[in-house]
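In: What would the 3D arrangement of this be:
(2 chains)
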Amino acid sequence: MDVELIIDDVQVTAPEGASVLDAARRAGVDIPALCHHEAVPAIASCRLCLMEVRRPGRDWVQLTTSCDYPVSAGLVVVTDSPRIRKHRAMNLQLLLRRAPDAPVLRRLAEEFGVTKPLFAPVTDAPLQDCILCELCVRVCSALGYDALAAIGRGEHKRIGPPFGQAAAEDCVGCGSCVEACPTDCIAMEDTATTRTIWGRTFDLQACERCGRPIATREHAAATAAATELPDKNDGLCDGCKRRLVSERLAAPGR
Amino acid sequence: MTARLADPGALARHREALAAVRSSERSVVAVCVGTGCRANGAIDVYQALRAEVEAHGGARDVESRATGCQGFCQGGPLLLLFPEGIVYQHVRVKDVPEIVEKTVLGGELVERLLYVDPPTDLQCRREEEIPFYRHQQRTLLRDNGLLDPNSIDDYIALGGYSALAKSLDMGSDAVLEEVKRSGLRGRGGAGFPTGRKWEACRKAEGELKYVVCNADEGDPGAFMDDALLEGNPHSVLEGMIIGAFAMGAREGHVYVRQEYPVAVERITHAIEEARALGLLGEAILGSELSFDLRVSRGGGAFVCGEASAMMASLEGRRGVPRRRLIHLSDKGLWGRPTNLNNVETWANVPHIALKGADWYRSVGTEGSAGTKIFSLVGKVNNTGLVEVPMGTTLRDIVFGAGGGVPGGKAFKAVQTGGPSGGCLPADKLDVPVDFDTLVAEGSMMGSGGMIVMDEDTCMVDVAKYFLRFLASESCGNCTSCRDGLAILHDLLGDITEGRGTRTTIALVEELADTVEATSLCALGTSAVNPVLSTLRYFREEYLAHVDDKRCPAAVCKALITFGIDAERCNGCTLCALRCPQHAITGEKKQLHAIDQELCIKCGICKDVCNRDAVLVH
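Out: Sure, this is the predicted structure:
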């Protein structure tokens, strides 16, 4: 059910229960966030998507995160204020310690006037530039693999194969975590025939027609098992699949 | 083995039968084997006692009993003798034959084992004569010294489960009403009105509802919940069964930390005993109530005491807090209506059900009814568990029951509310201890930890200690808490190690503000309390560290030097002999000197000097 709320003085319609962050972005209001993706559950880790929100019938304003705050009728949301900027800048300072060179953080730092780092960068992190947002973990879980996990607590929290295993046993080498990572900190190395990621090296399956690598064998098998379409042409790359379709369409006698 | 109790009448008859057997007992010798006494050798004392009683003709008219924590940990191992109510303290195995011979069989006192009140020099024979107990009003802890926690019959003999029988008779509406009217507030720290929480769960829609007991007590130095679970597990169980009845719950969980192995064992055993008597399971005491419980062990993460993290942990997931969009009472464990209360809250319930809301309200204050157990530790004469009515002043607790600060030192502060509580200075000693007043003074009730500090305590160092605990217990989800607390700890380290400036203090305040304002759960938002409250009440001490590079309490090693007072040193060589660095030189009967290059400021010289000749600047 759609409800109405106010975001930065503008009346906005959004589905009840959606996150305020998604509602704002759809309405053209950008709230910065590094750990958010519409496709996976919010964990509100980066603490950048701050907003000030007032519920109908209440006379106080709450400073909180917008990614895990559900839309309900009559919310009044402010996405920019001196208070928001102050705390966002401090949390950016904390994130900059972990990923001082990540372009996405440098852009945000510039936008929010963080010019001088307050704290020395972290140099002994097991995964350089990782801001521990768990997008990789959540994406992997949403795909049904659960090959990654958050491990440990506090500043020693880290991301990797569960229980600190050297290699990710349940990984299929799909690379979705690499795609999802906001700071590009996950190493994935492809050669013509192999892919190395999270401590494992996978064989890449070659396209039956052109020989270009499609996906790891494990990923291809998992995808094939998960879809039940006839005539999937699993052995072909996307380009050759399209070519096959056009060839069939153009075939004489059709 | 007693058969299932078919109805309340059977329970009453069982109690009468127990009473008939027990009245013939001549005396009971109860050895406290709570954590503190156990660490002091109480198990050996108990075994020696059993053997000795056996040697004197068996256990027919003398019963030796191992009990849970009796509270007066400072005096441990403790021994209580009934029916006289005599208390012996610091009992050793070698004392046991004399105790049995003289007191148990001869009716004479072993005077050297009696507590002597330091200021008056008066010997105290019985509990009520000892100031530590005299300043208390023990409702929840009363039975800890009386019963064997592994015996449901002991609990029943003392009136146990009669509150349940009465509740079943009253009906669930009336029970809920009574708990609401009692003004009971959650003892885990938040102080939310228990009755309102119950009502929400009762009204929530759903066939299956859960009640959960939060026994994930994790505050450093706090052991109230442990003492209840270990010492009187059935009081917690009975509370939960009554709660389940009032809310219409069919299943329950006790979430207890694995580091409490004895508590896990006792509550597990208590559940089995209750099940065997039909006090858990189908048709409890012949009523329509069906309810059962299981024990879930926590892995020891402090944050799992937080409700949403605990639900995740119970469901087998990583214990991380999430925003609670919907109350637990509507959607909790496995998405079903759930009511979570702390151990001590549950233990209050049978008393309310049995004696009524009016009785309960007559104890404590208007806004905070009943008694509260505090674990009184630190620089205080009588370490232990203190149960007092809400609204008792800090002074009554620290100086009354606690007997003040040892060694003639001056009281400096008391930390309430666990690691994320606050430190209150001497001029707040007359503050009444209740939920709302403590918050107004910049601290909190928390679950009841109370740490006393004397003049030798550095408040910056204290704040640093608590931050280290909280930083390492942060689940690591929120940037602000995970990294903010670690940096705050480092900044306080700068101050205690002489690298701090006024800019450091300003940065501490600025960062603390963000951690407090932008973290998700209460661990993060309250973690800065130790820093903020010490900055509020002991700012001068911070300034001495940064402006003068001086630690007024002479604790911070980087800011102190050890020296020898020429007037007092008589050249006894004790310090030189004990110095691990061989940093002290001097001939016999000559003034000694400390080589500052070699000195590691361990303080051993100061501790061993009989003439107070070692000075710390």
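
In: For the residue positioned nearest the centre of chain A, give its distance to chain B.
Out: Closest to where the C-alpha atoms of chain A average out (CA atoms, centre = their mean) is A:A180, at 3.8 Å. According to CB to the nearest CB, to the nearest Å, A:A180 stands 17 Å off from chain B. In this view, the C-beta of every residue, glycine as well, is placed from N, C-alpha and C.

In: Likewise for A:V76?
Out: Computed as CB to the nearest CB, the A:V76 to chain B distance reads 18 Å.

In: Residue of the stretch 501-617 of chain B closest to chain A, please.
Out: B:T514 (3.9 Å; CB to the nearest CB).

In: Looks to me like that residue is in a helix.
Out: Yes. Counting by DSSP: H, G, I helix; E, B strand; the rest coil, B:T514 is located in a helix.

In: hang on, it packs against A:I84?
Out: No. B:T514 is beyond contact range of A:I84, at 11.2 Å (criterion: CB atoms under 8 Å).

In: Look up phi and psi at the closest residue to B:V515 other than its chain neighbours.
Out: Excluding the flanking residues, the one nearest B:V515 by CB to CB, 6 or more residues apart in numbering or on different chains is B:G484, at 4.0 Å. Dihedral angles of B:G484 (phi, psi; degrees, to the nearest 10) stand at phi -60, psi -40.

In: Mind jotting down where the strands sit in chain A?
Out: Ranges of strands in chain A, per DSSP state E, are A:2-7, A:10-15, A:50-54, A:62-65, A:76-78, A:149-151, A:158-160, A:188-190, A:194-197, A:200-206, A:213-216.

In: want to try CSV for the ones you listed, with mean neighbour count as columns?
Out: Compiled in CSV, the strands of chain A are given as follows (neighbours: other CB atoms under 10 Å in any protein chain shown):
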stretch, mean neighbour count
strand A:2-7, 17
strand A:10-15, 15
strand A:50-54, 21
strand A:62-65, 18
strand A:76-78, 19
strand A:149-151, 20
strand A:158-160, 21
strand A:188-190, 13
strand A:194-197, 18
strand A:200-206, 17
strand A:213-216, 20
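
In: would you list these in JSON lines and tack on mean pLDDT and distance to A:R98?
Out: JSON lines is the format used below for those (pLDDT from 0 to 100; distance: least, CB to CB, whole Å):
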{"stretch": "strand A:2-7", "mean pLDDT": "96", "distance to A:R98": "30"}
{"stretch": "strand A:10-15", "mean pLDDT": "96", "distance to A:R98": "32"}
{"stretch": "strand A:50-54", "mean pLDDT": "97", "distance to A:R98": "19"}
{"stretch": "strand A:62-65", "mean pLDDT": "97", "distance to A:R98": "19"}
{"stretch": "strand A:76-78", "mean pLDDT": "97", "distance to A:R98": "28"}
{"stretch": "strand A:149-151", "mean pLDDT": "96", "distance to A:R98": "14"}
{"stretch": "strand A:158-160", "mean pLDDT": "96", "distance to A:R98": "11"}
{"stretch": "strand A:188-190", "mean pLDDT": "95", "distance to A:R98": "20"}
{"stretch": "strand A:194-197", "mean pLDDT": "96", "distance to A:R98": "21"}
{"stretch": "strand A:200-206", "mean pLDDT": "95", "distance to A:R98": "25"}
{"stretch": "strand A:213-216", "mean pLDDT": "92", "distance to A:R98": "29"}
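
In: As CSV, these with distance to B:F223 would be great.
Out: What follows is the strands of chain A, written out as CSV (distance: least, CB to CB, whole Å):
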stretch, distance to B:F223
strand A:2-7, 48
strand A:10-15, 49
strand A:50-54, 39
strand A:62-65, 35
strand A:76-78, 45
strand A:149-151, 30
strand A:158-160, 33
strand A:188-190, 50
strand A:194-197, 48
strand A:200-206, 47
strand A:213-216, 53
